[in-house]
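Asker: Pasting the sequence and the predicted model now:
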Amino acid sequence: MSQPIRLGIIGAGAIGNVHLTTFAKVDTADIVAVTDAYLPLAQQRAEEHGISVVHDSPQALLDDPTLDAVIIAVPNQFHASLAIEALKQGKHVLLEKPMAIDSASARAIVDAVEQSGKVLMMAHQMRWSGLGRAIKARIDNGDLGSIYNVKTGWMRKKGIPGWGSWFTRSDQSGGGPLIDIGVHMLDLSLYLMGNPKPVSVYGSTYAEFGPKKEGIGSWGTPNWEGYYDVEDLASALIKLDNGATLSLDVSWAAHSAALSEDPFIHLMGTEGGVSLVGEAGSYVTHQDNEVVKTDIEPLDGEEDRVLLSKHFVECVIEGKQPIAPALSGYTNMRILDAIYESSRTGNEVKLNWD
């Protein structure tokens, strides 16, 4: 086997540490360099994970000629500038979601990918779950027929992360739960539907908890001297170029009486339907005018992020297009931007793909 590809990671926080732990299980890649805005944290991660080089800035890491690829796991506002610079430096990129804070920045990343000829893959791990893969196999087998209606969402009751930090500042995050967890559900839904293009969007966003410092969750570190100017609930209807519709409902905090706070997708097709709720999946069809429901068992295999990481490395080594390419990230951002615009104006937003 050839030498493992050499990776650097920008961002040593919670998500960065997930990548560090995951790539330790991937024998075709080595993370050999790390950096973080808070250098002591980068040094701590280097000691914990046996990383030989700690760079004193993202630019220093990107300038490192020994690296083949970089993982970008930093706050949303830095995604575009770092991804574009990495591509200009001839490095492949594994980019955490969301792609950027707006679709203009995401488009700039797509342009940089096309100019560089390098691989950029979005780190949407839900595509790689055992249940997600099992459902995709059902769809590819024709069990659903043509999918024409999908309902998806993730309704947390009390989960605002890092109040006052970059999470809740629109100029740094791009938005609230819509861009934080909604992007996961949007991405997985479009992937399972076969990646149809969105053509129109109607949506609304609300901030009923965050401005009052209510609905605070356990993720992130609060900054009570900071501020909150993002939504804590969003709802949208998206029409697609194949005539299908996709509805999306997400919240960080809500007075929701629903029994479950798990992420969900309900796919309705001409031949059958599938539901994913947390770790449970089911298939429904009609036989002899009766409703028949069966459970869907997750496919065996390694954990989702290990499969994602191995796929990224495989794409780098073989020059393949990743399953979650740059264009998927850009499409997600176009929809998210349109939801925010629709909420501001009260109007439907039509998307032009010329």
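Answerer: Nice, I can see it. As the structure is a computational prediction, the values presented were derived from the model and not from experiment.
Asker: all helices of this structure, in order?
Answerer: Ranges of helices within the chain are 14-23, 39-49, 58-62, 79-88, 103-116, 130-140, 170-173, 177, 183-193, 304-318, 326-345, based on DSSP state H.
Asker: May I have the beta-bridge partners of Ser275?
Answerer: His266, Ser282 (DSSP bridges).
Asker: about what we covered before: among the helices of the chain, which comes closest to Gly210?
Answerer: With Cβ to Cβ, the closest approach to Gly210 among these belongs to helix 177: 10.0 Å. Quick note: C-beta positions are derived from backbone N, CA and C, even for glycine.
Asker: what about the stretch 201-350 of the chain, any weak spots by pLDDT?
Answerer: For the stretch 201-350 of the chain, no stretch is flagged by pLDDT under 70.
Asker: mind checking which of the helices of the chain is nearest Met268?
Answerer: helix 183-193 (10.8 Å).
Asker: out of the helices of the chain, deepest packed?
Answerer: Most buried of the helices of the chain, by mean neighbour count (mean count of other Cβ atoms under 10 Å): helix 177, with a mean of 28.
Asker: contacts for that one?
Answerer: Helix 177 is contacted by residues Trp154, Arg156, Glu231, Asp232, Leu233, Ala234, Val250, Ser251, Trp252 when judged by Cβ atoms under 8 Å, 6 or more residues apart in numbering.
Asker: please redo it, this time with the cut-off set to 7 Å
Answerer: For helix 177, the external contacting residues (Cβ atoms under 7 Å, 6 or more residues apart in numbering) are Glu231, Asp232, Leu233, Ala234, Val250, Ser251, Trp252.
Asker: thought the second one was touching Gly215?
Answerer: Yes: with contacts defined as Cβ atoms under 7 Å, Asp232 counts as touching Gly215 at a distance of 6.2 Å.
Asker: between those two, who's got more neighbours?
Answerer: Shown here are Asp232 and Gly215; by other Cβ atoms under 10 Å, Asp232 has more neighbours (26 against 21).
Asker: Leaving out the residues flanking it, which one is nearest to Ala258?
Answerer: Met155 (6.0 Å; Cβ to Cβ, 6 or more residues apart in numbering).
Asker: Which strand residues bridge that neighbour?
Answerer: Ser251.
Asker: do the same with the one 5 residues further on
Answerer: With DSSP bridges as the criterion, Ile160 is bridged to Ile216.
Asker: Show me which of the contacts of helix 177 is closest to Pro161.
Answerer: Trp252 (7.2 Å).
Asker: my read: the closest one touches Trp154, true?
Answerer: No: judged on Cβ under 7 Å, Trp252 makes no contact with Trp154 at a distance of 9.5 Å.
Asker: more neighbours, those two?
Answerer: Trp252 (32 against 21).
Asker: Next one: that one relative to Glu231, how far apart?
Answerer: 8 Å (Cβ to Cβ, to the nearest Å).
Asker: Could you name every residue contacting both of the two?
Answerer: Common neighbours of Trp252 and Glu231 (Cβ under 7 Å, 6+ apart) are Gly176, Pro177.
Asker: before we move on, back to that, any chance of a markdown table for the helices of the chain, columns distance to His266?
Answerer: Putting the helices of the chain into a markdown table (distance: least, Cβ to Cβ, whole Å) gives the following:
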| stretch | distance to His266 |
| --- | --- |
| helix 14-23 | 28 |
| helix 39-49 | 39 |
| helix 58-62 | 41 |
| helix 79-88 | 30 |
| helix 103-116 | 27 |
| helix 130-140 | 11 |
| helix 170-173 | 28 |
| helix 177 | 19 |
| helix 183-193 | 10 |
| helix 304-318 | 21 |
| helix 326-345 | 18 |
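Asker: among these, which is nearest Gln3?
Answerer: Nearest of the helices of the chain (Cβ to Cβ): helix 304-318, 10.5 Å.
Asker: what's in contact with that closest one?
Answerer: Taking Cβ under 7 Å, 6+ apart as the rule, helix 304-318 contacts 5, 18, 22-23, 25-26, 28-29, 68-69, 92, 94, 119, 121, 123, 125, 128-129, 301, 320, 322-323.
Asker: that older thread, pull up the overlap in contacts between Asp232 and Gly215.
Answerer: Contacts common to Asp232 and Gly215, judged by Cβ under 7 Å, 6+ apart, are Ile160, Phe209, Trp252, Ala253.
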